[in-house]
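A.B. asks: can't give you the sequence, but here's the structure:
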């Protein structure tokens, strides 16, 4: 359990300077996982030391993986190969991390031992049936609460077979879980999805030597190809950068340079959305690190206008919609977000939470079944907000406070440590 912390954020008149965004959460998780499953030593630099990624690290340490500290954001992982993990001697606690639980389910489904995954009060309410179903079709044996749909999950791993799965949702976690299970068994395993979800797993598995094919409707993996230890540089997290992108756009007289941010096209929907709203965001110094595209992002104050957001951009920006709704509250005209029902099953129901939070400070925002409608340009006043234990709600409301007319008090803010441990410190320097 997090201790309950409260933060008060004051309005500000300008934001300037450079910000180094912490390492990408999705990529940090995968770097730890794939390095553990590889043969030989991997050095990971730029790692996010958020609580979620540490949950992944501790899980693999419980299974016999040796990890050395090599600096503030650097680790050396001594991989054990596809067949080298050991049965954990206790329950594996995934904390608040859905990525840990869902991807580990795919890995453990094929391991010849028994394991149990659990998490905090929020993670134990999140839907796990979406990974259990395809993995069970491959022959995995799961037992879970709520008719096999919620943690704790007991996994009796072992004799699974390769297969083909047509996912009803575009979910990188579902796709990754199936590919990670298929990677460990003979044959080719294929996942089809309705829209392209983020492809960090495919890029990094390929970087570690796996045989992965990506195509318009999904991805496939050829099983039993050993991974080899690598040097991995983790770029800055675009989901974390999103908060300062919106801050730089809505606060007058602002110019911020966000250094070393991942711009993977399956994740860069936030840039497309904000530019479409009239936001000035330039991509400078574009380059590639460990198979991932990276750039420095220059953002300047802009007059934003409302737009309709839906379709294929949704999975490319799914984690950024809380702060997109903040941008919409400061834009002229109406913004409608649709096709985003997935927001209801995140760390909290993010549609309900953002509508409640922004309404409480004067925004004109209406929940829809699969999104929300925001009529922008209404002045926002101060108030008291509860984050519902959701890191992205807490940080989004902190950004809203920068452009409000009075201070906003946000309750339950320790949750931001899951993805952005130094958020409040950076906000204090720039705000």
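C.D. replies: Perfect, I can see it now. These numbers come from a predicted model, not from an experiment. Residues are numbered from 1 along each chain as shown.
A.B. asks: now the nearest residue to residue 378 once chain neighbours are set aside: phi and psi?
C.D. replies: Distances taken as C-beta to C-beta, 6 or more residues apart in numbering place residue 364 nearest to residue 378, at 5.1 Å, with adjacent residues excluded. C-beta: built from backbone N, CA, C; applies to glycine. The phi/psi pair for residue 364 (degrees, to the nearest 10) reads phi -100, psi 90.
A.B. asks: contacting residues around residue 364?
C.D. replies: Going by C-beta atoms under 8 Å, 6 or more residues apart in numbering, residue 364 touches 374-376, 378.
A.B. asks: likewise for residue 9?
C.D. replies: Residue 9 makes contact with 397-398, 401-402, 407-408, 410, 427, 431, according to C-beta under 8 Å, 6+ apart.
A.B. asks: ok, and the most crowded of those residues?
C.D. replies: The most crowded member of these, judged by other C-beta atoms under 10 Å, is residue 397 (29 neighbours).
A.B. asks: ok, back up a step: buried ones from the contacts of residue 364, can you make that a PyMOL selection?
C.D. replies: In PyMOL syntax, the buried subset of the contacts of residue 364 is picked out as below (16 or more other C-beta atoms under 10 Å):
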select buried, resi 374+375+376
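A.B. asks: can you list the contacts of residue 364 in a markdown table and add pLDDT, distance to residue 385 and secondary structure?
C.D. replies: Shown next, in a markdown table, are those (pLDDT from 0 to 100; distance: C-beta to C-beta, whole Å; DSSP: H, G, I helix; E, B strand; the rest coil):
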| residue | pLDDT | distance to residue 385 | secondary structure |
| --- | --- | --- | --- |
| 374 | 98 | 17 | strand |
| 375 | 98 | 20 | strand |
| 376 | 98 | 19 | coil |
| 378 | 96 | 17 | coil |
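A.B. asks: contacts for the helix or strand bottoming out on mean pLDDT in the chain next, please.
C.D. replies: Counting by mean pLDDT, DSSP states H and E, the chain has its least confident helix or strand at helix 423-430, which shows a mean of 90. Helix 423-430 is contacted by residues 7, 9, 15-17, 19, 240, 243-244, 247, 256, 395, 398, 413, 416 when judged by C-beta under 8 Å, 6+ apart.
A.B. asks: for the residues you listed, which one is nearest residue 93?
C.D. replies: residue 416 (19.8 Å; C-beta to C-beta).
A.B. asks: per-residue pLDDT of that closest one, please?
C.D. replies: As predicted, residue 416 sits at a pLDDT of 94.
A.B. asks: doesn't it belong to a helix?
C.D. replies: Yes. Assignment of residue 416 by DSSP: H, G, I helix; E, B strand; the rest coil places it within a helix.
A.B. asks: before we move on, the earlier item: what sits opposite the residue nearest to residue 378 in the beta ladder?
C.D. replies: residue 375 (DSSP bridges).
A.B. asks: quick check: the closest residue to residue 39 other than its chain neighbours vs residue 209, distance?
C.D. replies: Closest residue to residue 39 apart from its sequence neighbours, by C-beta to C-beta, 6+ apart: residue 81 at 4.6 Å. Taking C-beta to C-beta, to the nearest Å as the measure, residue 81 falls 12 Å from residue 209.
A.B. asks: next: residue 113.
C.D. replies: Taking C-beta to C-beta, one finds residue 113 at 25 Å from residue 209.
A.B. asks: residues of the least confident helix or strand of the chain that come out buried?
C.D. replies: Neighbour counts over helix 423-430 (16+ other C-beta under 10 Å) mark 423-424, 426-427, 430 as buried.
A.B. asks: helices of the stretch 51-200 of the chain, start to end?
C.D. replies: Using DSSP state H, counting those that start in this stretch, the helices of the stretch 51-200 of the chain run over 51-62, 98-109, 129-137, 145-148, 172-182, 200-207.
A.B. asks: in TSV: those helices, plus distance to residue 316 and mean pLDDT.
C.D. replies: Listed next are the helices of the stretch 51-200 of the chain as TSV, based on distance: least, C-beta to C-beta, whole Å; pLDDT from 0 to 100:
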stretch	distance to residue 316	mean pLDDT
helix 51-62	21	96
helix 98-109	17	98
helix 129-137	19	97
helix 145-148	30	96
helix 172-182	11	97
helix 200-207	12	97
